[in-house]
Each structure stands twice: as C-alpha cells, then as structure tokens.
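Peer 1: A predicted structure for the sequence below; I have some questions about it.
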Amino acid sequence: MQLVKKTINPTGGKHSATVIFFHGSGDTGSNLVEWVRFLLGRDLDFPHIKLIYPTAPLQPYTPLNGELSNVWFDRRSITIDAKENRKSLASIYETVHELINEEEKLGIPPERIIVGGFSMGGALALHTAYHLNTDLAGVFACSSFLNRDSIVYDSLKNRTKPGTDLPELKMFHGSRDLMVPSSWGQESYDELTKLGVKGQFSLLQNTLHELKKRELLDIQEWISVKLPPLTNDLQNKL
C-alpha cells in the first residue's frame, strides 16, 4: 500500500536516525504537522533526524457506521473491552514494515528508529514496537490504549528472545480525556510493564483528548537522548 507521507528532513542534511509519527483517526500526516507547528510555533525537528508523518489509508470505519475515514485499522467499537480487528491490523502491518524497510535501505538500523503517535496512531506505534519489531529504539503514545485482548500482549508473552531489552516507552494521557479515558491508557501501560516493557506514564492534568505543548517538548527531549548524533566515523558509514 502506497502511503502519502509528509517528511521533515534534518536541518543538518543527511539523517542518521528516523522518527515515524502516526496521526489519530480521521486525520492526515500533513494536518498533524500543522498541529505540532501550532503548539510549538515551529516544526518538531532535529539536526540529524528525519521525521515521517504518514497518512492512513481511506477505508470504512465501523465506529462511524462504515463511513470512509483515514484510519490505520478498523475497530469494532472504541472501548478497551472490544475485540481487536486483527484482520484489519494485519493489513496495515505490511505498510508499517515497508516504512521501516525503506529507512533500513537508507542505512538507518532499527535501533536508530523511534515510532510514536496520537490516539489510534499511538496504538499502532505500540503494535509496531512490541509486536512487529522489538529492535526499535523506542515508542511514544499520546492519548492511546490497547484492547484487553491485544495481540501485542500475546506477542510479548511468547517472545523468542526474553532476555533482550524491549523498546523504551513514553505514554501520555489527559486527565480529562472523555474519548479515551486515562484509565484505559494507564491499564495498557501497566499490562505492558508486567510483560517487561520499561518506560514512563505521564498523566497530563486538565487535558482533554489532545496534544499539548509540554508533552511535545518532553517527547523532543527524550528523542534527543534516545537518538543522539553519531560520531563522524559512524555517520560516514551510513
């Protein structure tokens, strides 16, 4: 599946790391870029990191009575108790693999790639880092959750390399989120940590189902630590 992608190229030219930022349901990559710019007053950019904002395919979405929407996968309903639509998820997995493989072909190894997202995009990021590719550098999820029967949990329980470190996790959730209650995000985080994930869950006070400037700044700082510039010798090998 060919995705429309909005890319923010590194200010220093050639990139040595990549961040893939998935938007929420019904949105687009370009709109997410504009939202970030509105909150920060600038792009979320780094001198050595490429940022990719893909747009989800247009497809029928059950919570909207089957209307077409830009969504990463279909849901039976927006609740933590709902069964995952694993057939729909499997379709977008192929697309995510393509995104990561494209970066690997450019010389960016998985341990120099971070995935993240808002709402449904955050859920896809969790699937990406803990079901599809546990070699990634990290994952961030904003206002997101996993269904209680998620294949992500099954994957972590049946890991073939249980002694290796999993991607570090940063989760954020608004205390006043009415669309995705913070308890869903907290429960998802707690389940992940029980299965070996290490990270941090931050509850944002007086915050609805939205991104906030302070969480973007926190994410930016964290990305800078997880994906520092390479030495000249390592950079020349990319």
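Peer 2: It's in.

Peer 1: which helix in this structure runs the most residues?
Peer 2: For the chain, the helix that runs over the most residues, judged by DSSP state H, is helix 86-105.

Peer 1: show me which positions of that helix end up buried.
Peer 2: Buried positions in helix 86-105, judged by neighbour count with 16 or more other C-beta atoms under 10 Å: 88, 89, 91, 92, 93, 95, 96, 99, 100, 103. The C-beta positions use only the backbone N, C-alpha and C, and glycine is treated the same way.

Peer 1: orientation of the helix or strand that it is followed by relative to helix 86-105 in degrees?
Peer 2: Counting by DSSP states H and E, the next helix or strand C-terminal to helix 86-105 is strand 113-118. Inter-element angle recorded for strand 113-118 and helix 86-105: 140 degrees (by axes from the mean of the first three to the mean of the last three C-alpha atoms, to 10 degrees).

Peer 1: give me the number of residues near residue 200?
Peer 2: By other C-beta atoms under 10 Å, 13 other residues sit near residue 200.

Peer 1: any idea of the mean pLDDT in the helix or strand it falls within?
Peer 2: Here residue 200 sits within strand 199-204, counting by DSSP H and E. For strand 199-204, mean pLDDT rounds to 98.

Peer 1: within the sheet, what are the partner strands of it, with directions?
Peer 2: Taking DSSP bridges as the criterion, strand 199-204 forms sheet pairs with strand 168-174 (parallel).

Peer 1: circling back to that earlier point, max pairwise distance over the buried residues of helix 86-105: which two?
Peer 2: Using C-beta to C-beta, the buried residues of helix 86-105 span at most 24.3 Å, a distance reached by 88 and 103.
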